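Participant: Compute the structure for the input listed below.
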Amino acid sequence: MKKRKEKKEKKKLTRKQIIIIIIVTIILGIICYFASVEITKSIIDHKTMEEKLKNDDFASLRELDTIDNITLEDLVNNFNELSDDDINIDDIVDDSININDIKISFYYQDENISIVSINFNKKSKAKELISNMIRASNEEISEDTTGLIYDRVFETLGNTEDEESKTSEFFQYQGLEFSLKEYNDNDYKYSFRIGRIVEEQEETEEE
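Facilitator: This is a model prediction of the structure:
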């Protein structure tokens, strides 16, 4: 007996189904295009800033820009807007405060902040706080840039060295100066410093 071969008939798509498939394909294509453009732009922007900070050519980290003075109260207010760990200005004793095992010390020039020193033992705990303090010191600096500055400062740790400590290079960016010190024997292993570069105001002589 001969076996009968059953032919499977393919169902033809209706005109309506074809139109729906075409429309969905076009929409997905548009979404993919714009998504790829945004991702590419983000990568390019990040790489551009990364190269700017890492290459010998990152002049903006060495230019002597200046910045306006800031009081402790204004700095703390800026910081609290960015951070989940608020600083209560009344809790600052002897110009220092501790937050999550991180000691923040404030140094002054007259009534204004000149240096903020952030002292810590674990890098993982300090990076976000340092980022927020940099942005509090200059609101024009972005979070991505603070991360690159932080990494770059750590990369140059050991630029100078003595029996007690290692020091990074000093970097200047948009009126701020950054440096890092690692101690061999201290309560805190690291000290990250954010200094302010302000124009010297000429004193007017009374006639």
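Participant: give me the element the most centrally placed residue in the chain is part of.
Facilitator: Nearest to the mean C-alpha position of the chain, by CA atoms, centre = their mean, lies Thr146 at 2.5 Å. Following DSSP states H and E, one finds Thr146 within helix 143-155.
Participant: OK, contacts around the residue nearest to the centre of the chain?
Facilitator: With contact set as CB atoms under 8 Å, 6 or more residues apart in numbering, Thr146 has these partners: Ile130, Ser131, Ile134, Arg135. No exception for glycine: its C-beta is placed from N, CA and C like everyone else's.
Participant: same thing with Ser137?
Facilitator: Ile67, Ile70, Leu75, Asn78, Ile113, Val116, Leu176, Ile194, Arg196.
Participant: Find me the pLDDT at it, would you?
Facilitator: On the pLDDT scale, Ser137 is placed at 97.
Participant: cool, Lys125 as well?
Facilitator: 86.
Participant: secondary structure class for it?
Facilitator: Put simply, Lys125 is helix when judged by DSSP: H, G, I helix; E, B strand; the rest coil.
Participant: what separates it from Lys181, distance-wise?
Facilitator: Distance, Lys125 to Lys181, by CB to CB, to the nearest Å: 18 Å.
Participant: Could you check which of those two has the larger neighbour count?
Facilitator: Lys181 (20 against 13; other CB atoms under 10 Å).
Participant: Just to check, Ser117 is in contact with Ser105?
Facilitator: Yes: using CB atoms under 8 Å, Ser117 is in contact with Ser105, at 4.3 Å.
Participant: got the residue ranges for the strands in this protein?
Facilitator: All strands of the chain, identified by DSSP state E, fall at 96-99, 102-109, 112-120, 160-161, 165-167, 171-173, 176-183, 190-196.
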